[in-house]
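# next input, structure requested:
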Amino acid sequence: VDDKAIIKAQIEEEVKEENMEDDEKEEQEEEEEEQDVNPYFQEPLYIGNLSTSSSTERYYRFILFVSTSEEKIHSSRSIASVTYILHPTFPDPKRTKTKAPFFLDISGWGIFQIDVIIRFKSGFIRSTIETSYMICMDSPISITCIQDGSRKYHKTYLNIEEFKGFKKFNQNNDNNNGKKNFVKKVKNRLKRNLLRTPAPVYFNEFNLAADQLKKILKDTKIFNLQIPEIIYDIIVQFATFGSSLYNVMANQEVYIEDCTSCNVVITAPKFNHLRLRKCNKMKVKFPYVLSKVECIDCNDIEIICTGICFTYRVDNCNNVKIQVLDTGTRITFFAFDSPIVNLKCVGIQWTANDNDDDNKEEIDYNDTDKYPTTLSYQVPYEKPDGQRWSVRWRGNRNNPGYTKKLFHAKYTLGTTSTTST
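Numbering: from 1, shown residues only. Presented below is the predicted three-dimensional model:
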């Protein structure tokens, strides 16, 4: 019994102590509330701004405020008004706010300094404070203490009702509502792809022809030696520009410019783009081009594709030969202001119509006269209207062949064409 009495007495004492602590807390809170109106009470003050992209890409949006806390936006009870003096380039640069937390919504293209005049309510020991604040755009929220000038940065927007409308303009928070501007997405994706694209492979000004070098070697008559012809051929092959490219990446481009009498063999499995410009007596061989092959301001060019390339462009050239492999698909050739352009499709495979079962056994596809494995075509060149042509190879297994039409940008992808033989 004595033990129970002792335990009961201890519990009563603990309850009394807790009640006394609660009473002390209430008294402290009442004293703090009284201090809010005490003219000698000075609360800490902070100036800050929110920053994000504006509706136009060249400008930023800033929202200025005055708070009594650096952790959250807390309205001041002692301030009557805040006057922001902006840069002189702003219309009406002097702007006064009287409602806490004294928001000011502005837009600008960069950071600048703002003069701030804080006026306190009547009866307070401080009547005004004049200070300055530097706009910050490095983080969503920046808050600076007026007393010591220390600055704190917040990586996220503070949770406050007044900023709900402001969040809608924040491009970085678009994922919060599951929506994102389509143009912005495309822009970011293109920028990312461009940064990942490697530099093109350049070949420039290789001009020593193999025949010329061979003639020079023979004319020198080195030590009057009788050098076999095959030795000359080996020397010429290694001394002139005859390059075999194997380390070209799939998203890389190859540019060959101002070269003469060169032989280029690209053995890489595939690459993005091939361009020849101001070249003469060139021969280029490759297996697979993802984008297109361009030949500009060139003469006596031979292009051989052993695999796949769907688009060729010949612009202001003369005597260009293009050999392609029939893959059963469509290949487009654009010939602009080029007098002689010869096309050749090899490896043609003829097959009968799947619905024509009766004639399958009667057709002899080994008859190369009737079903040739190679078809050639010369692009017409007629002044003044026939200088720009769009020619297509249609790899139709039943009736493969070339079609042509005058080129015009507005109907490049059209279907009207004239069958060529």
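
# tell me which element the residue nearest to the spatial centre of the chain is part of?
Most central in the chain under Cα atoms, centre = their mean is residue 191, positioned 1.5 Å from the mean C-alpha point. Using DSSP states H and E, residue 191 sits in helix 182-196.

# in that helix, what's buried?
When burial is assessed from 16 or more other Cβ atoms under 10 Å, helix 182-196 yields no buried residues. (C-beta placed from N, C-alpha, C; glycine too.)

# distance from the host helix or strand of residue 274 to the middle of the chain?
Per DSSP H and E, residue 274 falls inside strand 271-277. With Cα atoms, centre = their mean, to the nearest Å as the basis, strand 271-277 stands 21 Å off its chain's centre.

# just the CA coordinates for that strand, please, in PDB.
The C-alpha coordinates for strand 271-277 follow below in PDB (Å, rounded to 0.1, in the frame of the first residue of the first chain):
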ATOM      1  CA  PHE A 271      27.700   7.600 -91.500                       C
ATOM      2  CA  ASN A 272      25.500  10.600 -91.600                       C
ATOM      3  CA  HIS A 273      26.300  12.800 -94.600                       C
ATOM      4  CA  LEU A 274      28.800  13.000 -97.500                       C
ATOM      5  CA  ARG A 275      29.600  16.300 -99.400                       C
ATOM      6  CA  LEU A 276      32.000  16.900-102.200                       C
ATOM      7  CA  ARG A 277      32.700  20.500-103.200                       C
END
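
# which helices and strands sit right next to it?
Judged by 3 or more Cβ pairs under 8 Å, 6 or more residues apart in numbering; DSSP states H and E, strand 271-277 is in contact with strand 253-257, strand 280-296.

# how about those in JSON lines, adding mean neighbour count and distance to residue 182?
JSON lines is the format used below for the helices and strands packed on strand 271-277 (neighbours: other Cβ atoms under 10 Å; distance: least, Cβ to Cβ, whole Å):
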{"stretch": "strand 253-257", "mean neighbour count": "20", "distance to residue 182": "28"}
{"stretch": "strand 280-296", "mean neighbour count": "19", "distance to residue 182": "24"}
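
# can you give me the strands for the stretch 1-150 of the chain?
46-53, 60-67, 79-85, 94-97, 104-108, 113-120, 128-134, 141-145 (DSSP state E, counting those that start in this stretch).

# and these: which comes nearest residue 327?
strand 46-53 (47.3 Å; Cβ to Cβ).

# quick one: the helices in this protein?
2-35, 164-167, 182-196, 210-220, 229-239 (DSSP state H).

# worst average pLDDT in the ones you listed?
Lowest mean pLDDT within the helices of the chain: helix 164-167, at a mean of 51.

# number of residues surrounding residue 394?
Look at residue 394: counted by other Cβ atoms under 10 Å, it has 15 neighbours.

# actually, residue 86.
Quick note: residue 86 (other Cβ under 10 Å) scores 20 neighbours.

# ok, the residue nearest to it when sequence neighbours are not counted to residue 61 distance?
Of all residues not flanking residue 86 in the chain, residue 93 sits nearest, at 4.2 Å (Cβ to Cβ, 6 or more residues apart in numbering). For residue 93, the distance to residue 61 (Cβ to Cβ, to the nearest Å) stands at 18 Å.

# neighbour count: the two, which is higher?
Shown here are residue 93 and residue 61; by other Cβ under 10 Å, residue 61 has more neighbours (20 against 13).

# how about residue 76, phi and psi?
phi -90, psi 140 (degrees, to the nearest 10).

# so what's it closest to, chain neighbours aside?
Using Cβ to Cβ, 6+ apart, the closest residue to residue 76 is residue 68 (5.0 Å).

# that neighbour contacts residue 42, correct?
No: using Cβ atoms under 8 Å, residue 68 is not in contact with residue 42; the gap is 10.7 Å.

# higher neighbour count, the two?
Taking other Cβ under 10 Å, residue 68 and residue 42 do not tie; residue 68 has more neighbours (18 against 13).

# which residues touch that one?
43, 44, 45, 46, 74, 75, 76 (Cβ atoms under 8 Å, 6 or more residues apart in numbering).

# how many residues are close by the spatially closest residue to the third one that is not a sequence neighbour?
Here the nearest residue to residue 45 in space, its sequence neighbours aside, is residue 146; by Cβ to Cβ, 6+ apart that works out to 4.6 Å. By other Cβ under 10 Å, the residues close to residue 146 number 16.

# do residue 338 as well
So residue 338, with other Cβ under 10 Å, has 23 neighbours.

# please report how far it lies from residue 407.
Taking Cβ to Cβ, one finds residue 338 at 12 Å from residue 407.

# quick one: low-confidence parts of the stretch 51-200 of the chain?
Where the stretch 51-200 of the chain drops to pLDDT under 70, the residues are 53-58, 157-180.
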